[in-house]
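Peer 1: Output the structure for:
(one chain, ligands or ions: 1)
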Amino acid sequence: MELTGKTALITGASSGIGYATALAFARRGVHIVVTARTLERLEALVSAVGSLPAPHGEILPLAVDVRDPAAVDAAVQRFGRLDILIANAGVGQRGSLIDSPLEDIQAVFRTNIDGVIFAVRAAVPLMRQAGGGHIVIISSVVANMITPYTASYSASKAAVSSLARALRYELEADHIGVSDLLVGRTATEFNVRRLGAAGYADRAPRLPMMTPEYVAERIVRAVERNHGTVTLRPFDRMIVLINQFLPKLVARRALRQYKPS
Ligand SMILES: NC(=O)c1ccc[n+]([C@@H]2O[C@H](COP(=O)([O-])OP(=O)(O)OC[C@H]3O[C@@H](n4cnc5c(N)ncnc54)[C@H](OP(=O)(O)O)[C@@H]3O)[C@@H](O)[C@H]2O)c1
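Peer 2: Modelled structure (predicted):
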């Protein structure tokens, strides 16, 4: 896809990967609706886009909780046309599936799964009208892993990866590409903002981290080249491969890493 002049919606653009992706698209002349719950942080993104060398895309910030389908739909309709959707908003969770507050587990599923479904269902009719488009669903390398004590998060990402892979075929005839992006550890606020984190020492600090800017460039490339399932770096491909052949080993490793101290 040639990007200049296209329109995009990014959910969860107030920080991290969504923020970096908005800048990456704006630099390429894409007009973007950026959404998150925190409008002040989106305003900072608008200023950052304003400081880019001209010409750059227009940017429109909207306070949207992705768990609210009407608000998501209004954001999608905002430009009256949509070529690109980046379904990125997400939240992590640590804790026992049994003993964690039910609200935390529901927040993960409502944000990470419902939020994606609402955005995709709102976006596709507009993309059909435009004759095509591209959807990137931000998943995780943990999507297909056995991850005790962070099971709700992994299950939510398994769900959206599965949806993305099926949608790629469902929407093929509409010329709408769908990418399932299996993101690995990235240096964002995600790792400190996750729900239920108290008492969970992070025992994986030495795992190599990507920058959100690197992930953003790969998201742009996935849209330009209509990539399907994408694992971003050799380290993550190795993890996915080890998980495929030695899932119990990975599960034991996850148990050591995620069990509360
Ligand atoms: N960082 C990693 O290591 C990593 C690894 C694999 C996958 N991912 C995935 O990458 C995506 C982006 O995460 P990130 O690393 O960039 O983390 P982040 O910096 O914490 O960004 C998360 C974004 O989602 C938004 N968000 C959270 N709940 C929301 C809700 N209910 N409605 C609307 N927006 C909401 C946040 O904004 P507000 O709080 O302002 O609403 C924020 O903009 C997530 O889907 C995450 O699961 C991250």
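
Peer 1: Just the terminal-to-terminal distance for stretch 142-157.
Peer 2: Here the two ends of stretch 142-157 are set 7 Å apart, with distance taken as CA to CA, to the nearest Å.

Peer 1: can you pull the contacts of Q77?
Peer 2: Contact analysis of Q77 by CB atoms under 8 Å, 6 or more residues apart in numbering lists 122, 126. All C-beta atoms are positioned from the backbone trio N, CA, C, and that covers glycine.

Peer 1: Contact residues of the stretch 151-261 of the chain facing the ligand?
Peer 2: 183, 185-186, 188-191, 193, 212 (CB under 6 Å from any ligand atom).

Peer 1: out of those, who has the most neighbours?
Peer 2: Highest neighbour count within those, by other CB atoms under 10 Å: V183, with 27 neighbours.

Peer 1: hang on, the earlier thing: could you identify the most distant pair in the residues of the stretch 151-261 of the chain next to the ligand?
Peer 2: V183 and R193 (15.5 Å; CB to CB).

Peer 1: So what's the predicted local confidence for H134?
Peer 2: pLDDT recorded at H134 is 98.

Peer 1: residues near V72, how many?
Peer 2: Neighbour tally, V72, other CB under 10 Å: 29.

Peer 1: sorry, that was for S100
Peer 2: 18.

Peer 1: Ok, the one 10 residues further on next?
Peer 2: Burial of R110 is recorded as 18 neighbouring residues (other CB under 10 Å).

Peer 1: Can you classify the closest residue to it other than its chain neighbours by secondary structure?
Peer 2: With sequence-adjacent residues excluded and distances taken as CB to CB, 6 or more residues apart in numbering, R110 is closest to R67, at 4.6 Å. Secondary structure state of R67, per DSSP: H, G, I helix; E, B strand; the rest coil, is coil.

Peer 1: From A20, how far out is R67?
Peer 2: Per CB to CB, to the nearest Å, R67 is found 23 Å from A20.

Peer 1: And the two? Which one has more around it.
Peer 2: A20 (22 against 17).

Peer 1: Report whether the expected contact of that one with R218 is present.
Peer 2: No: taking contacts as CB atoms under 8 Å, A20 lies outside contact range of R218: 10.7 Å.

Peer 1: I'd like the mean pLDDT over the host helix or strand of V72, please.
Peer 2: Using DSSP states H and E, V72 sits in helix 69-77. Averaging pLDDT along helix 69-77 yields 97.

Peer 1: What residues sit buried inside it?
Peer 2: 71-73, 75-77 (16 or more other CB atoms under 10 Å).

Peer 1: Also stretch 249-261?
Peer 2: 250, 253-254, 257-258.

Peer 1: Just send the residues you listed back as JSON lines, with pLDDT and secondary structure too.
Peer 2: Output for these, formatted as JSON lines (pLDDT from 0 to 100; DSSP: H, G, I helix; E, B strand; the rest coil):
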{"residue": "V250", "pLDDT": "91", "secondary structure": "helix"}
{"residue": "R253", "pLDDT": "89", "secondary structure": "helix"}
{"residue": "A254", "pLDDT": "89", "secondary structure": "helix"}
{"residue": "Q257", "pLDDT": "86", "secondary structure": "helix"}
{"residue": "Y258", "pLDDT": "87", "secondary structure": "helix"}
